[in-house]
Every structure is written in C-alpha cells, then in structure tokens.
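Student: Fold the following and give me the result.
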Amino acid sequence: MQTAVVPELEELLDEGPVPAYPYTKTFAEARKDPCLTLHTTGSTGLPKPITWKLEILSTYEAWRTIPYIGEYVSMTEVYQEAQRAYNAMPLFHTSGLNTGITMSLLLGVTTVFGAANVVPNATYADEMHKYAGVDASIGPPSIYEDLSHETASLDRLDTLRYVLVCGAPLSQVAGEIISKRTRLISNFGATETACLPRLAPGREDWSYYYWHPTHSGIEMREYMDDLYELFIVRKPELELYQGIFSTFPDLHEYSMNDIYSKHPDPSKGFLYKWRGRADDVIVLSNGEKIAPALMEAGLMSNPLVRGAMVVGRGKFQPAALLDLGDSRPETASGRFDVLKELLPAIAEANKHAPAHGKLDQNHILLVDPSRPIYYLGQGKIQRHQTYKAYEDDIENLYLAADDLDDQLDLDQSASGDLLMVDFSDLDNIKQWLKGLILLVTEIQDLQPKDSFFQSGVDSLHVLRIVREIKLQIKICGGRLLPQMLTPGIIYSHPSLDELSEFLFQKATLSLRGLDSGYQSVDSDDEDIRPKAKDMNLLLHDYVQTLPKIENRVRPLPVSQGMTVLLTGSTGSLGSYLLNSLNNDPNVHHIICLDRTSAAGKHKELGPKRGLAPLDSDRVEFVKADLSQHGLGVEEELYERLLGTVTHIIHCQWPVNFNWNLSSFRPYIAGVRNLAHLAAGSRHNAFLLFVSSVAAVGGWTGFGEVPEAPIHDLNMAANTGYGQSKLIAECLLDKAAEISGVRSACCRVGIVAGPVEQELGMWNKHEYIPSIIISSVHLGAFPETFPSRDEIDWLPVDKLSKILLEVLASASQPVISQPGSLNTLEDDPHTKVYHVVNPYRISWHADFATRLRDAYPSDIPLQPVPFEEWVERLKESADEAEKLGNIDIERNPAIRLVEFYAKAAISKEKGRRLWPIATVQASETLRALGPLGSAWLENWMVQWGIKPN
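Tutor: This is a model prediction of the structure:
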C-alpha cells in the first residue's frame, strides 16, 4: 500500500514562506482527477472507500444555481444566512466535510470546530453556542435531543439562525420543541452522491425534503403501503448536479435505498419525510411492515436513551434494544422504574408504527453496558453487527415476554373491575368480552359481528386482550390452558361472536376431557380457519339485504355517452383502467370513488407511468367509503349517481394474504352496496367486478375450472383474500337473481408490468420480478419453477383494455321480445370470465430460454434448477447477514427466501383456467400472443437491468 505522511497541524498553520505550487489545470482537464477518499458510514455493512473526483465537488457550486419555485428557495440560501457555524460532525463523515466545503469555500460562512480532544456532546455544544460567537449549529441528533430538555440551552438556540441536524433523524418531540426556537433543518446526503439539490421547506415542515423537480433527476417511486423509494435518474443535461454518476459512471439510475412518506397535506405532496432504509424495513409475521428509524428516534426522545434499535423480523410484534449507558438499572425494581419513565417515549415511538406493529414495555431489552453496541460515525447503531451480538438476548426477551403473560396476577389486571367470566355460558363470555374491549380500547357500542380491527383495535390492544383472557382462564377456566390463547387467535376470530364462540367451544371440549385447549399460533388446524359453513353464513347475511325486484321491465343500458363509476383508481390496475376510460370516445364521464383524495396522486403518477393527462372536464374524484350505506357520500351526490351512472367497474380490494376472512367484511359490504346502486339506477347500470383466480384456488372438481358461477365455497383458496373474492362473486350472482343486477366477474391471474412503453414498472418487490432481478446478483437464474410452471401472465396495460372490452361485450343486453328496442330481460346469473393469457408457455420449456436471451450479453448467468437457485439465494442471504450488507435493491428476492423455499418443495400445481368467454369478448386478448423476449426486455429496462 502506498502511504503519505500528512504534516502536523502546527506546520500547516505556520505563516512562514513556502514554495509556490501553481495549479494550472482547467476544470475540463481536472474534473476526473481524484481529490478525496472517504469511507461510507457502514449503515448497511462494513465501511467502503469512495474516491471523490474534482467534478463531484462542482455539484456544490451547481447547487447554488438551481431555480427557486415560488416561495421555496435553494437550501444554500438558508445556509449563507449564518456568519459563523459550530460544526460538531467529524470530518471523516460526509456531512462534516460537506458543510465545510459548502459553507466555508462557497458560501462565506466561517466553520467553527471544537477542541480536538473533546468528543462532541450536548454540554460542549451548549458551551460553544454560549461562548464561541456562533449563529448556527451543525451536529448529530443526540446533541439536540439532550438540549431540547434544558430551558437555558433552548434559550441559547433562540439566538441561532438555524440548527442543521445530520446523520440520523431527530425525534418529532425534540424537533417540535427546537423548531419553535429557531429554524431546524434535516440534512441529507451520502458519501456516494455528495449533495442532492433541494429547496428549503417551510419552518413548520422541518422534517421534510423538497427535491428540486427539474435540477436533481430524482424520482420518488412507489415502494409499498404509501412509502416511496428515492431514485436518481441519469440525465445528460444535469451532469453537474448528479455527483452519483461521477462515483458510478456506468450506472443509468441509482437507488439511495431510502424510503419516504409523502406530506399528509395534498397541497404539499412534493414534500417527503425520510422513514428509513429499505433494507431496514422489518416485516412481522402478521405481514405488517415497520420502517424503524422514526420509532427509534421517538425512543431516543427520552434523555436516558443513548441509542435505540427496533427489531422483530418474523416475530408477531416488534421489540427494541435500548442503550442507557451507565444509567442501566441493576435490579428488577430499578428496571420497573426506568420502564415506567420510558412510557412516554414508547408512546412517541408508536406514533410511527403501523396499527398492528406497536411496541410494548415487555419487549424492551436494556443492553448491558459491558457488551459492545456498534455505533456509526453519526451516532446511529450499526444494525447488523449489533443484532448478531444480541441475537440470543433478543430471542430470550420474546420468550420472557410470553412467560410474563402466564404470570399475571389479578391486581395487575385491567379487567379487575369486571365480573369473572363463566366459560360455560356463551352469552356471558360475549358480554364479558365486550366489557373488556371497552375497558382496553374505549371502543363504544361494539356489535357482535363488528370486526375488531375495522373498529380500531390495534396490536397493543390485542396483546392486552390476550393477557386479560389468559388471566381469566387461570382463575376460572377449569381445564383450559392459558397457552390456548395467542394473538393469532384474536386475528383469526376478530369479532365478539367469533371469539366468544371459540372460547365457548374450547371450554366445552375441555370439560369433556377431549381438548386441553392448547393451540399454536402457527397452527394450520382447520379450527382457526373459516369453514364453508361460516362463509355461507356470511354470504347469507349480505344476500338477505339485497333489494327484491320482481317482474320489472328495465331500460336498455347505453353503449355510447357512458358514465362510468370506477373504484380503486389509485392502484396499479386502477390507474391503467382510468387511462383507458379517459381515452375511450364512448365514455362521456368518469367518477372515481376512492378511500382517499386521488386527484393529486394521479397527477403525480400519470407521467411516471406514461399515462395521458386526465381530462378534468370528464374525470371526477370523490372520497367515499363503499362499506357504508349510500357508499358514504352525500345524499345529493348519491342521487346523481343513481340518475347518471351507466357502468360500474369495481377493483378496490386489498391484496393482503394475512387477513382473516372477517377482515374483508367491509369490502364484501362494498359489493352489496354497489349492487344496491346498480339495482336502483335509472340506466340499469352494469357492474363489472375484478375478481381473482384465488376465488377458485382450491378447485378440486372434475376437469378444468368452469367459466361460470361457483357456489361451493370450499373451492376458494385457503386465504381470507380468496374466500372473500368467491363470496363476492356469489353475492353478485344472487343479486342477478333477486335484484335484477346485471354483472360480470373477471377472475384475473398474475398482473405483469406494462409493455406498450418503457415508462411504468412491474413492482420489483413482487415474487416474479424479484427472481429476475436477484438472478443477476446470484449469477444464476432458475430454468425451472415446478409449482409455477405454466405462465399465463397479462401485462397491466393490456389487461385494462381487455377488461373494458369484456365490459362492452358482457353488458350487451338480452332483448325481451323480438323487435323490441327499449327493454331487456334480467339475466338470472352473473357472467364469469377467466382473464388470463390463453397463449400459455412453460417456464422450463420456453420461458427459461427467453429469459436467458433477454439478459444483457455482458451479464454471464448460469441456468440452474429452481431448487439450486433457492439454495444460492439462501447462501447469499446468510452471507449478507454475516457481513451486515443486505442489498435489497440488487437482491430483492432475499426478502422472500421462505416463500421460495416452500415453493421449491411444493407438489401442488396451479389450477388451469381457460379464458374461452374472454377470448370471444376481447380482441386485445385474441391478438396478444405469448410472453416473448420483447416484454422481458422492456421489464428489464424498467428495473434498470438493461439500459434504455
């Protein structure tokens, strides 16, 4: 290794004469010269050296030239309001170096550093604010968390122009306090990128970023669940602003691997809040996803907490490691006192957690100060190394928390004020449960069939409910065992009727000595899954409320000048359906009913997906709740819908395979309410329901699945999603018989990415794209996929056109009398269409070859059996975990290892659905052809595997 000795500071500051070293290169000559070698922070693994060229420094100068937008000015304008800035960031950290370059060299701000032998801390920073004559402060969040608790320190912040927080997020609590005293700025950057051109948000939006829309090349792409991933797209005209492509000159786009949420105010939809690293997202066993960074910041809002790390991947609920330093209690009573003091911080953390991913005090691990916690330069915990060091402690924490549930005493119980429950009396159980839920959640008037989770019960409530029921079982449960009850049982029986029936049946069996009551949370026992009988009862409830219409002569529906009501327009398929309707000359007006205001989202997503601008005179957006009577809209609007709507397309349905059937009740109610609308509509509105092949995923009948209504509810896939879809189909079939509603159900298979243009993208986190993308990382692709061998995928842009052609064909009326032109007969059944690609190909015989040919020629990939590919994926996951370097962007399949492992040993073949009626109805489907190399190459361009 070549080394050089750097002169001591005293020699560098010596004012004596030195030889002249003239620098004569022009920028064009010098731009590719290396000038600095830094190392990354190690937040995703071991630190890596990054060499900056001179051209990357020019991005800071270019940042000053970005145009302002309205009241939003360049962040550099705010920086140069200060004259002297205290900098507590280390110079080996990009933030410390960036502020030195930007402020000292370009903006004329004097940078003030502390003494070399003092580790920056809140006390020292406060002294610098008091005595160093500074009017700005730059440092890690830990400093300002501590200062936010001291009135005198806050008073000194009043004198500063701004506080610039670097390296990690500041808690919302501390941020709100400080932002009332001075301007608070959340800094952002990376060693690989240097600065990212951004504008300064308003003072009240201190935790948000405003990426420059024309001078950064930044795209915020949908990630999951209203989260967005930041991509930098290379543009030749932005070369001076995009330092990342100086670091990685061969890339065409770059993901920061960071995820964000959008500002809740639709008028500020251009502002984004950092939520964490994509590879830090924690997926719980119940399917909930947690971006832990802001939860951790909430925990650190308590001054006792030096560092926090949320864990829980694959667990039912999260846990947290807290580093209290020397404040860690040594006794059980001391721990109790500390946890009590931490309750407000836990509550603050839970503001940033999903409803079914809350943290409780029994899942807090106070780490041992004598054992290492690995910190990064900016004060964040190095997640992967720390997790490895504390893996056994974390497992023991979960076991201990479960044991606590079994050790509850009555004086610790929230239900102590309730009468004891009689487990032999079903009504008594139900009334006791209702009182318990009121006590725990304050939910009033919970009805027997109401879903707990639709009513507002979250994961913390579930845990408390489980503990209270366990206590009652201990006291008066007879032979029942407390272990019989787990949080999973509550999720599987999410209503008073279902849960009380479960407890009653278990108690009855235990009295007979037939059942101890034990049931594992992971059990596949049919006892915790909806049976066809239960599904029929649910269907019956909704059928009973359908309007009865007999012998009614109805007008013909229109095929021109159509007014279409569309639900779910903000989803991927919904947005393409809206685009197709917008381009259809036969459509006069489109009314989009969505759960949230959708106009702004379409304005943002349309250009990214290559969709045409919407005609504001033809498209109307309405916020609605389909589960409510009258669709949850104003009565005047509902009357207008009755008088104008000619066609309904219903595709608003959550794709959640973790939900119990009961959780889909509101969506089944939505189908019933749309059937009400169609039955009462002036124009005899035709209803097209976007169903799923999962509705018949359990088909065991003879031969192929028929393209017709199926009323055997055992034929649905064994998930709440598939069962709810089949119930909805049956409900529409009954609506045809009872209410004269004309409808069609489209059983849609795998929806692939768009193929008609390069814009848009098949979500890379779905299991098929993840295979194709990760294969590049693994150096091999699966030439077989036995349980998914038949491929009948449909591109989403083609699918939207197919569905509209099906709608046009299916809604053609049956004339009631020969020669009659203005009346029709009610169709006694819903029509059913299998919407899959009829030009099937085989993965092993066809797709593997096309996949190999579609990959770039400079990427050598070995074809291997699926089982071997899964083993390679497991090895890469183990290696990444060992090195602490999980790269979700390059290896997204790593998140789905268990899914692929199960698929590798599955003997089950997919059900074959033939789209006979769909082929007759759709010219687009007839002309489609099989999946070919052109589609694959287009998807690879969208995923960044191939250049444009």
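Student: count of neighbours near residue 214?
Tutor: By other CB atoms under 10 Å, the residues close to residue 214 number 13. For every residue, glycine as well, the C-beta is placed using N, CA and C.
Student: Now do the SS call for it.
Tutor: On the three-state scheme (DSSP: H, G, I helix; E, B strand; the rest coil), residue 214 is labelled coil.
Student: which secondary structure elements does the lengthiest strand in the chain contact?
Tutor: Of all the elements of type strand in the chain, the one with the most residues (DSSP state E) is strand 253-262. Judged by 3 or more CB pairs under 8 Å, 6 or more residues apart in numbering; DSSP states H and E, the packing partners of strand 253-262 are strand 218-224, strand 227-233, strand 272-277.
Student: Contacts for the first one next, please.
Tutor: The one in question is strand 218-224. With CB atoms under 8 Å, 6 or more residues apart in numbering as the contact definition, strand 218-224 has outside contacts at 196, 211-212, 228-233, 259-260, 262, 272, 278, 289, 605, 608, 761, 763, 765.
Student: Just the buried ones out of these, please.
Tutor: Neighbour-count burial within the contacts of strand 218-224 applies to 196, 211-212, 228-233, 259-260, 262, 272, 278, 605, 761, 763, 765; the criterion is 16 or more other CB atoms under 10 Å.
Student: so residue 37 sits in a strand?
Tutor: Yes. With three-state DSSP as the criterion, residue 37 is located in a strand.
Student: Spit out the contact partners of it.
Tutor: Listed by CB under 8 Å, 6+ apart, the contact partners of residue 37 are 49, 50, 51, 52.
Student: and the strand or helix carrying the third one, how far out from the chain's middle?
Tutor: Secondary structure assigned from DSSP states H and E places residue 51 in strand 49-53. Relative to its chain's centre, strand 49-53 lies at 33 Å (CA atoms, centre = their mean, to the nearest Å).
Student: for the following helix or strand past that strand, packing partners?
Tutor: Scanning forward in sequence from strand 49-53 by DSSP H and E, the next helix or strand is helix 54-63. Counting contacts by 3+ CB pairs under 8 Å, 6+ apart, the secondary-structure elements packed against helix 54-63 are helix 27-30, helix 244-247.
Student: following helix 54-63, which helix or strand shows up next?
Tutor: Remark: after helix 54-63, the chain's next helix or strand is helix 75-79, criterion DSSP H and E.
Student: Residue 129 touches residue 137, doesn't it?
Tutor: Yes. In terms of CB atoms under 8 Å, residue 129 counts as a neighbour of residue 137; the distance is 6.2 Å.
Student: neighbour-wise, which of these two wins?
Tutor: The neighbour comparison of residue 129 against residue 137 (other CB under 10 Å) goes to residue 137, with 28 against 22.
Student: What does that one show for phi and psi?
Tutor: Backbone geometry at residue 137, expressed as degrees, to the nearest 10, gives phi -140, psi 140.
Student: ditto for residue 196
Tutor: The phi and psi values for residue 196, taken as degrees, to the nearest 10, are phi -120, psi 120.
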